[in-house]
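> this one's structure only:
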(Lines give C-alpha, C1' and ligand atoms only; values in the text may rest on other atoms or scores of the structure.)
Protein backbone atom coordinates (compact mmCIF):
# COMPACT_ATOMS: atom_id res chain seq x y z
CA UNK A 1 0.00 0.00 0.00
CA UNK A 2 1.31 3.44 -0.92
CA UNK A 3 2.11 5.70 2.01
CA UNK A 4 -0.47 8.48 2.48
CA UNK A 5 0.88 11.26 4.76
CA UNK A 6 -2.59 12.65 5.49
CA UNK A 7 -3.55 9.43 7.27
CA UNK A 8 -0.75 10.07 9.77
CA UNK A 9 -2.20 13.55 10.18
CA UNK A 10 -5.59 12.07 10.95
CA UNK A 11 -3.98 9.80 13.49
CA UNK A 12 -2.32 12.81 15.11
CA UNK A 13 -5.63 14.68 15.37
CA UNK A 14 -7.25 11.59 16.88
CA UNK A 15 -4.64 11.11 19.61
CA UNK A 16 -4.59 14.84 20.46
CA UNK A 17 -8.36 14.78 20.90
CA UNK A 18 -8.06 11.83 23.29
CA UNK A 19 -5.27 13.42 25.32
CA UNK A 20 -7.09 16.75 25.67
CA UNK A 21 -10.26 14.94 26.67
CA UNK A 22 -8.55 12.93 29.39
CA UNK A 23 -6.65 15.95 30.70
CA UNK A 24 -9.71 18.25 30.80
CA UNK A 25 -12.51 16.06 32.07
CA UNK A 26 -14.34 19.11 33.41
CA UNK A 27 -14.78 20.60 29.94
CA UNK A 28 -17.81 19.92 27.75
CA UNK A 29 -15.97 17.99 25.06
CA UNK A 30 -16.39 14.52 23.63
CA UNK A 31 -12.90 14.21 22.17
CA UNK A 32 -12.51 10.80 23.78
CA UNK A 33 -15.36 9.48 21.69
CA UNK A 34 -14.14 11.12 18.50
CA UNK A 35 -10.46 10.19 18.75
CA UNK A 36 -10.82 6.50 19.54
CA UNK A 37 -13.33 5.90 16.76
CA UNK A 38 -11.11 7.69 14.23
CA UNK A 39 -8.36 5.27 15.24
CA UNK A 40 -10.64 2.28 14.82
CA UNK A 41 -11.74 3.16 11.30
CA UNK A 42 -8.14 3.94 10.26
CA UNK A 43 -6.89 0.66 11.70
CA UNK A 44 -9.62 -1.33 10.03
CA UNK A 45 -8.85 0.27 6.68
CA UNK A 46 -5.07 -0.18 6.88
CA UNK A 47 -5.09 -3.74 8.16
CA UNK A 48 -7.70 -4.89 5.64
CA UNK A 49 -5.85 -3.21 2.77
CA UNK A 50 -2.57 -4.92 3.74
CA UNK A 51 -4.25 -8.32 4.07
CA UNK A 52 -6.05 -7.92 0.75
CA UNK A 53 -2.80 -6.87 -0.94
CA UNK A 54 -1.18 -10.02 0.42
CA UNK A 55 -4.05 -12.13 -0.89
CA UNK A 56 -3.59 -10.61 -4.33
CA UNK A 57 0.20 -11.02 -4.32
CA UNK A 58 0.47 -14.52 -2.85
CA UNK A 59 -2.98 -16.06 -3.22
CA UNK A 60 -3.57 -16.22 0.52
CA UNK A 61 -2.88 -14.79 3.97
CA UNK A 62 0.02 -16.09 6.07
CA UNK A 63 -1.63 -16.09 9.48
CA UNK A 64 1.58 -16.84 11.36
CA UNK A 65 3.32 -13.94 9.64
CA UNK A 66 0.46 -11.57 10.30
CA UNK A 67 0.29 -12.39 14.00
CA UNK A 68 4.08 -12.07 14.31
CA UNK A 69 4.16 -8.64 12.73
CA UNK A 70 1.35 -7.49 14.99
CA UNK A 71 3.28 -8.80 18.00
CA UNK A 72 6.52 -7.06 17.10
CA UNK A 73 4.74 -3.83 16.21
CA UNK A 74 2.59 -3.55 19.33
CA UNK A 75 3.91 -5.61 22.22
CA UNK A 76 7.33 -3.97 22.86
CA UNK A 77 5.75 -0.62 23.75
CA UNK A 78 3.07 -2.31 25.87
CA UNK A 79 5.74 -4.19 27.83
CA UNK A 80 7.69 -0.96 28.26
CA UNK A 81 4.62 0.81 29.60
CA UNK A 82 3.87 -2.04 31.99
CA UNK A 83 7.48 -2.06 33.19
CA UNK A 84 7.23 1.67 33.93
CA UNK A 85 3.91 1.10 35.67
CA UNK A 86 5.41 -1.59 37.89
CA UNK A 87 8.54 0.41 38.72
CA UNK A 88 6.59 3.56 39.65
CA UNK A 89 3.79 1.71 41.46
CA UNK A 90 5.14 2.19 45.03
CA UNK A 91 5.47 5.94 44.47
CA UNK A 92 2.32 6.84 42.53
CA UNK A 93 -0.36 4.17 42.90
CA UNK A 94 -2.21 3.24 46.08
CA UNK A 95 -2.49 -0.42 45.17
CA UNK A 96 -1.43 -3.78 46.56
CA UNK A 97 1.07 -5.94 44.71
CA UNK A 98 -1.76 -8.38 43.88
CA UNK A 99 -3.79 -5.56 42.30
CA UNK A 100 -0.82 -4.37 40.28
CA UNK A 101 -0.13 -7.87 38.98
CA UNK A 102 -3.82 -8.30 38.14
CA UNK A 103 -3.84 -5.03 36.21
CA UNK A 104 -0.69 -5.90 34.29
CA UNK A 105 -2.13 -9.30 33.40
CA UNK A 106 -5.36 -7.79 32.08
CA UNK A 107 -3.48 -5.30 29.91
CA UNK A 108 -0.75 -7.69 28.78
CA UNK A 109 -3.24 -10.35 27.69
CA UNK A 110 -5.58 -7.79 26.09
CA UNK A 111 -8.53 -8.45 28.36
CA UNK A 112 -9.05 -4.86 29.47
CA UNK A 113 -12.03 -4.17 27.24
CA UNK A 114 -14.23 -6.56 29.20
CA UNK A 115 -12.65 -5.91 32.59
CA UNK A 116 -13.14 -2.16 32.16
CA UNK A 117 -16.67 -2.66 30.85
CA UNK A 118 -17.87 -4.78 33.77
CA UNK A 119 -15.58 -3.88 36.69
CA UNK A 120 -13.69 -0.71 35.64
CA UNK A 121 -10.30 -2.26 36.28
CA UNK A 122 -7.54 -1.42 35.77
CA UNK A 123 -8.68 2.15 36.46
CA UNK A 124 -5.34 3.90 35.97
CA UNK A 125 -4.80 1.88 32.74
CA UNK A 126 -8.39 1.93 31.59
CA UNK A 127 -7.44 3.43 28.21
CA UNK A 128 -6.08 -0.02 27.31
CA UNK A 129 -9.64 -1.17 26.59
CA UNK A 130 -9.27 0.12 23.02
CA UNK A 131 -6.00 -1.79 22.56
CA UNK A 132 -7.84 -4.94 23.59
CA UNK A 133 -10.65 -4.25 21.12
CA UNK A 134 -8.12 -3.92 18.31
CA UNK A 135 -6.22 -7.04 19.37
CA UNK A 136 -9.39 -9.15 19.26
CA UNK A 137 -10.00 -7.73 15.80
CA UNK A 138 -6.47 -8.63 14.66
CA UNK A 139 -7.01 -12.21 15.79
CA UNK A 140 -10.41 -12.70 14.15
CA UNK A 141 -10.37 -10.48 11.07
CA UNK A 142 -7.80 -12.42 8.96
CA UNK A 143 -9.81 -15.59 9.56
CA UNK A 144 -12.98 -13.85 8.38
CA UNK A 145 -11.24 -12.51 5.28
CA UNK A 146 -9.96 -16.00 4.47
CA UNK A 147 -13.47 -17.37 4.89
CA UNK A 148 -14.88 -14.75 2.53
CA UNK A 149 -12.08 -14.90 -0.02
CA UNK A 150 -13.89 -17.14 -2.51
CA UNK A 151 -16.89 -14.85 -2.74
CA UNK A 152 -17.19 -12.10 -5.35
CA UNK A 153 -15.99 -8.70 -4.13
CA UNK A 154 -19.47 -7.18 -4.25
CA UNK A 155 -20.90 -9.96 -2.10
CA UNK A 156 -18.08 -9.58 0.42
CA UNK A 157 -18.85 -5.86 0.67
CA UNK A 158 -22.51 -6.60 1.33
CA UNK A 159 -21.58 -9.04 4.08
CA UNK A 160 -19.21 -6.52 5.66
CA UNK A 161 -21.88 -3.82 5.56
CA UNK A 162 -24.22 -6.28 7.27
CA UNK A 163 -21.53 -6.92 9.93
CA UNK A 164 -21.21 -3.18 10.52
CA UNK A 165 -24.95 -2.63 10.87
CA UNK A 166 -25.30 -5.68 13.11
CA UNK A 167 -22.61 -4.49 15.56
CA UNK A 168 -24.03 -0.95 15.55
CA UNK A 169 -27.53 -2.21 16.36
CA UNK A 170 -26.11 -4.62 18.97
CA UNK A 171 -24.26 -1.77 20.70
CA UNK A 172 -27.30 0.49 20.72
CA UNK A 173 -29.49 -2.36 21.95
CA UNK A 174 -27.06 -3.04 24.79
CA UNK A 175 -26.80 0.64 25.63
CA UNK A 176 -30.51 0.98 26.19
CA UNK A 177 -31.16 -2.24 28.11
CA UNK A 178 -28.21 -2.17 30.55
CA UNK A 179 -28.06 0.07 33.57
CA UNK A 180 -24.65 1.56 32.84
CA UNK A 181 -23.37 2.88 29.51
CA UNK A 182 -19.81 1.57 29.98
CA UNK A 183 -20.97 -2.03 29.64
CA UNK A 184 -22.07 -1.22 26.11
CA UNK A 185 -19.18 1.11 25.26
CA UNK A 186 -15.97 -0.74 26.12
CA UNK A 187 -16.54 -4.28 24.83
CA UNK A 188 -15.14 -5.70 21.61
CA UNK A 189 -18.45 -7.18 20.52
CA UNK A 190 -20.22 -3.83 20.90
CA UNK A 191 -17.47 -1.49 19.68
CA UNK A 192 -15.74 -3.14 16.72
CA UNK A 193 -18.03 -1.40 14.23
CA UNK A 194 -15.46 1.25 13.25
CA UNK A 195 -12.87 -1.44 12.50
CA UNK A 196 -15.38 -3.21 10.27
CA UNK A 197 -16.32 0.02 8.50
CA UNK A 198 -12.66 0.72 7.80
CA UNK A 199 -12.42 -2.75 6.30
CA UNK A 200 -15.43 -2.03 4.13
CA UNK A 201 -13.69 1.09 2.80
CA UNK A 202 -10.63 -1.02 1.92
CA UNK A 203 -12.88 -3.31 -0.12
CA UNK A 204 -14.58 -0.35 -1.77
CA UNK A 205 -11.25 1.16 -2.82
CA UNK A 206 -10.42 -2.10 -4.60
CA UNK A 207 -13.45 -1.57 -6.85
CA UNK A 208 -11.91 1.69 -8.22
CA UNK A 209 -15.32 3.29 -7.96
CA UNK A 210 -15.88 6.94 -7.08
CA UNK A 211 -18.08 8.29 -4.30
CA UNK A 212 -19.93 11.24 -5.85
CA UNK A 213 -20.01 14.52 -3.92
CA UNK A 214 -17.59 13.25 -1.25
CA UNK A 215 -16.25 16.82 -0.89
CA UNK A 216 -19.71 17.97 0.14
CA UNK A 217 -20.63 14.95 2.23
CA UNK A 218 -17.53 15.26 4.44
CA UNK A 219 -18.16 18.81 5.73
CA UNK A 220 -21.85 17.96 6.05
CA UNK A 221 -20.77 15.30 8.56
CA UNK A 222 -17.92 17.18 10.25
CA UNK A 223 -19.88 20.33 11.06
CA UNK A 224 -22.64 18.63 13.10
CA UNK A 225 -20.01 16.35 14.65
CA UNK A 226 -17.99 19.35 15.84
CA UNK A 227 -21.14 20.93 17.25
CA UNK A 228 -22.43 17.81 18.99
CA UNK A 229 -19.10 16.93 20.60
CA UNK A 230 -19.35 20.17 22.61
CA UNK A 231 -23.04 19.74 23.45
CA UNK A 232 -23.78 16.13 24.23
CA UNK A 233 -22.77 15.02 27.74
CA UNK A 234 -20.06 12.43 28.24
CA UNK A 235 -21.06 9.02 29.53
CA UNK A 236 -24.68 9.06 28.35
CA UNK A 237 -26.28 6.42 26.20
CA UNK A 238 -27.82 9.05 23.96
CA UNK A 239 -24.40 10.57 23.27
CA UNK A 240 -22.94 7.17 22.46
CA UNK A 241 -25.81 6.43 20.11
CA UNK A 242 -25.15 9.53 18.00
CA UNK A 243 -21.45 10.28 18.28
CA UNK A 244 -19.90 6.87 17.61
CA UNK A 245 -21.78 6.26 14.37
CA UNK A 246 -21.40 9.85 13.18
CA UNK A 247 -17.65 9.76 13.84
CA UNK A 248 -17.23 6.42 12.07
CA UNK A 249 -19.05 7.57 8.95
CA UNK A 250 -17.23 10.93 8.90
CA UNK A 251 -13.88 9.14 9.21
CA UNK A 252 -14.86 6.81 6.36
CA UNK A 253 -15.34 9.82 4.07
CA UNK A 254 -12.27 11.64 5.43
CA UNK A 255 -10.03 8.68 4.59
CA UNK A 256 -11.60 8.45 1.15
CA UNK A 257 -10.89 12.14 0.48
CA UNK A 258 -7.31 11.75 1.70
CA UNK A 259 -6.78 8.82 -0.66
CA UNK A 260 -8.36 10.36 -3.74
CA UNK A 261 -7.87 14.13 -3.51
CA UNK A 262 -4.36 14.88 -2.29
CA UNK A 263 -4.50 18.48 -3.55
CA UNK A 264 -7.31 19.60 -1.29
CA UNK A 265 -6.50 22.07 1.49
CA UNK A 266 -7.95 19.63 4.02
CA UNK A 267 -5.56 16.89 2.88
CA UNK A 268 -2.52 19.18 2.60
CA UNK A 269 -3.12 20.42 6.14
CA UNK A 270 -3.22 16.87 7.48
CA UNK A 271 0.03 16.15 5.61
CA UNK A 272 2.02 18.86 7.42
CA UNK A 273 5.31 17.75 8.99
CA UNK A 274 4.29 18.27 12.67
CA UNK A 275 1.09 16.25 12.24
CA UNK A 276 2.90 13.56 10.26
CA UNK A 277 5.43 13.13 13.05
CA UNK A 278 2.79 13.03 15.77
CA UNK A 279 0.93 10.48 13.69
CA UNK A 280 4.01 8.28 13.44
CA UNK A 281 4.43 8.22 17.23
CA UNK A 282 0.67 8.22 17.95
CA UNK A 283 0.70 4.65 19.26
CA UNK A 284 3.13 5.66 22.00
CA UNK A 285 1.30 8.92 22.65
CA UNK A 286 -1.90 6.98 23.25
CA UNK A 287 -0.24 4.22 25.23
CA UNK A 288 1.74 6.38 27.67
CA UNK A 289 -0.49 9.43 28.10
CA UNK A 290 -3.20 8.04 30.34
CA UNK A 291 -1.25 6.85 33.41
CA UNK A 292 0.62 10.18 33.38
CA UNK A 293 -2.53 12.27 33.07
CA UNK A 294 -4.48 10.06 35.47
CA UNK A 295 -1.95 10.87 38.20
CA UNK A 296 -1.54 14.55 37.33
CA UNK A 297 -5.24 15.38 37.20
CA UNK A 298 -5.73 13.95 40.71
CA UNK A 299 -3.10 16.32 42.16
CA UNK A 300 -2.86 19.38 39.91
CA UNK A 301 -4.99 21.88 38.01
CA UNK A 302 -6.38 21.25 34.56
CA UNK A 303 -3.84 23.61 33.00
CA UNK A 304 -0.87 21.88 34.66
CA UNK A 305 -2.26 18.47 33.80
CA UNK A 306 -2.72 19.36 30.14
CA UNK A 307 0.61 21.11 29.59
CA UNK A 308 2.86 18.92 31.73
CA UNK A 309 1.04 15.76 30.70
CA UNK A 310 1.42 16.61 27.02
CA UNK A 311 5.13 17.40 27.36
CA UNK A 312 5.95 14.28 29.38
CA UNK A 313 3.91 12.08 27.06
CA UNK A 314 5.58 13.52 23.96
CA UNK A 315 9.08 12.96 25.38
CA UNK A 316 8.37 9.38 26.45
CA UNK A 317 6.51 8.48 23.24
CA UNK A 318 9.30 9.89 21.04
CA UNK A 319 11.95 8.02 23.03
CA UNK A 320 9.92 4.83 22.83
CA UNK A 321 9.48 5.18 19.07
CA UNK A 322 13.11 5.91 18.26
CA UNK A 323 14.85 3.75 20.88
CA UNK A 324 12.50 0.76 21.21
CA UNK A 325 9.74 0.46 18.63
CA UNK A 326 11.62 1.38 15.44
CA UNK A 327 14.79 -0.64 16.24
CA UNK A 328 12.71 -3.73 16.98
CA UNK A 329 10.73 -3.27 13.78
CA UNK A 330 13.95 -2.87 11.78
CA UNK A 331 15.44 -5.98 13.42
CA UNK A 332 12.29 -7.92 12.64
CA UNK A 333 12.40 -6.83 9.00
CA UNK A 334 15.87 -8.35 8.67
CA UNK A 335 15.02 -11.46 10.69
CA UNK A 336 11.81 -12.40 8.87
CA UNK A 337 10.54 -12.60 5.33
CA UNK A 338 9.30 -9.34 3.82
CA UNK A 339 5.69 -10.55 3.93
CA UNK A 340 6.11 -11.32 7.61
CA UNK A 341 6.82 -7.78 8.75
CA UNK A 342 5.74 -5.18 6.23
CA UNK A 343 5.84 -2.68 9.08
CA UNK A 344 6.21 0.56 7.21
CA UNK A 345 2.62 0.22 6.06
CA UNK A 346 1.23 -0.76 9.44
CA UNK A 347 1.13 2.40 11.52
CA UNK A 348 -2.02 1.49 13.37
CA UNK A 349 -2.88 2.28 17.05
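In hand now; what should we look at? Please read these numbers as outputs of a predicted model, since none were measured by experiment.
> contacts, neighbours, all on C-alpha from now
Noted.
> middle-most residue in the protein, spatially?
Residue closest to the mean C-alpha point of the chain, counted by Cα atoms, centre = their mean, is residue 39 at 3.3 Å.
> and the next helix or strand past the helix or strand containing it?
Assigned by DSSP states H and E, residue 39 belongs to helix 31-58. Heading C-terminal from helix 31-58, the first helix or strand you meet, by DSSP H and E, is helix 63-92.
> remind me which residues of the stretch 201-349 of the chain are low pLDDT?
Applying pLDDT under 70 to the stretch 201-349 of the chain picks out residues 336-349.
> before we move on, back to that, mind listing what's buried in the helix holding residue 39?
The neighbour-count check on helix 31-58 (16 or more other Cα atoms under 10 Å) flags 31-53, 55 as buried.
> on contacts alone, who are the packing partners of that helix?
Applying 3 or more Cα pairs under 8 Å, 6 or more residues apart in numbering; DSSP states H and E, one finds that helix 31-58 makes contact with helix 5-23, helix 129-148, helix 193-206, helix 237-260.
> so can I have TSV of those showing mean neighbour count?
Output for those, formatted as TSV (neighbours: other Cα atoms under 10 Å):
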stretch	mean neighbour count
helix 5-23	24
helix 129-148	18
helix 193-206	24
helix 237-260	20
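> so which of those comes closest to residue 92?
helix 5-23 (17.4 Å; Cα to Cα).
> any idea of the mean pLDDT for that closest one?
The average pLDDT within helix 5-23 is 94.
> do stretch 68-79 as well
On average, stretch 68-79 scores 94.
> and it, how far out from the chain's middle?
15 Å (Cα atoms, centre = their mean, to the nearest Å).
> with stretch 194-203 instead?
13 Å.
> neighbouring contacts of stretch 85-92?
Contacting residues not belonging to stretch 85-92 are listed as 95, 100, 295 [Cα atoms under 8 Å, 6 or more residues apart in numbering].
> try 6 Å
Outside of stretch 85-92, no residue comes within contact range by Cα atoms under 6 Å, 6 or more residues apart in numbering.
> if you count neighbours, what's buried in it?
Those would be 85-86, for stretch 85-92 by 16+ other Cα under 10 Å.
> list the contacts for residue 253?
residue 218.
> swap in 10 Å and give it another go.
201, 211, 214-215, 217-219, 221-222, 259 (Cα atoms under 10 Å, 6 or more residues apart in numbering).
> so the residue nearest to the centre of the chain makes contact with residue 192?
No. The criterion here is Cα atoms under 10 Å, and residue 39 misses it with residue 192 at 11.3 Å.
> what sits in contact with each of these two?
130, 134.
> got the angle for the helix holding residue 39 vs helix 129-148?
If you take axes from the mean of the first three to the mean of the last three Cα atoms, to 10 degrees, helix 31-58 sits at 30 degrees to helix 129-148.
> average pLDDT for helix 31-58?
Throughout helix 31-58, pLDDT has a mean value of 92.
> ditto for stretch 152-163
For stretch 152-163, the per-residue pLDDT averages 95.
> next, the buried residues of it.
156-157, 160-161, 163.
> now swap in stretch 69-79 and tell me
Buried residues in stretch 69-79 (16+ other Cα under 10 Å): 69-70, 72-74, 76-78.
> residue 142 versus the closest residue in space to residue 55 that isn't next to it in sequence, what's the distance?
Spatial nearest neighbour of residue 55, chain neighbours left out: residue 61 (5.7 Å); criterion: Cα to Cα, 6 or more residues apart in numbering. In this structure, residue 61 and residue 142 are 7 Å apart, going by Cα to Cα, to the nearest Å.
> repeat for residue 154
18 Å.
> circling back to that earlier point, which of the buried residues of stretch 69-79 lies closest to residue 290?
Using Cα to Cα, those come closest to residue 290 at residue 78, 12.9 Å.
> hmm, the closest one is touching residue 321, no?
No. Using Cα under 10 Å, residue 78 makes no contact with residue 321, being 12.0 Å away.
> overlap in contacts of these two?
Residues within reach of residue 78 and of residue 321 at once, by Cα under 10 Å, 6+ apart, are 283-284.
> out of the helices and strands packed on helix 31-58, nearest to residue 311?
Using Cα to Cα, these put helix 5-23 closest to residue 311, at 11.3 Å.
> and that closest one, what does it pack against?
For helix 5-23, the elements it packs on are helix 31-58, helix 237-260, helix 265-270, helix 273-280, helix 282-299, helix 302-320, judged by 3 or more Cα pairs under 10 Å, 6 or more residues apart in numbering; DSSP states H and E.
> sort out which residues of the fifth one are buried, please.
Taking 16+ other Cα under 10 Å as the basis for neighbour counts, the residues of helix 282-299 that come out buried are 282-294, 296-297.
> which ones are touching residue 80?
86, 287-288, 320, 324-325.
> meant to ask about residue 84
78, 288, 291.
> tell me the contacts of the last one?
Right, the one you point to is residue 291. Per Cα under 10 Å, 6+ apart, neighbours of residue 291: 81, 84-85, 92-93, 123-127, 309, 313.
> one more time with 6 Å
Applying Cα under 6 Å, 6+ apart, the residues near residue 291 are residue 124.
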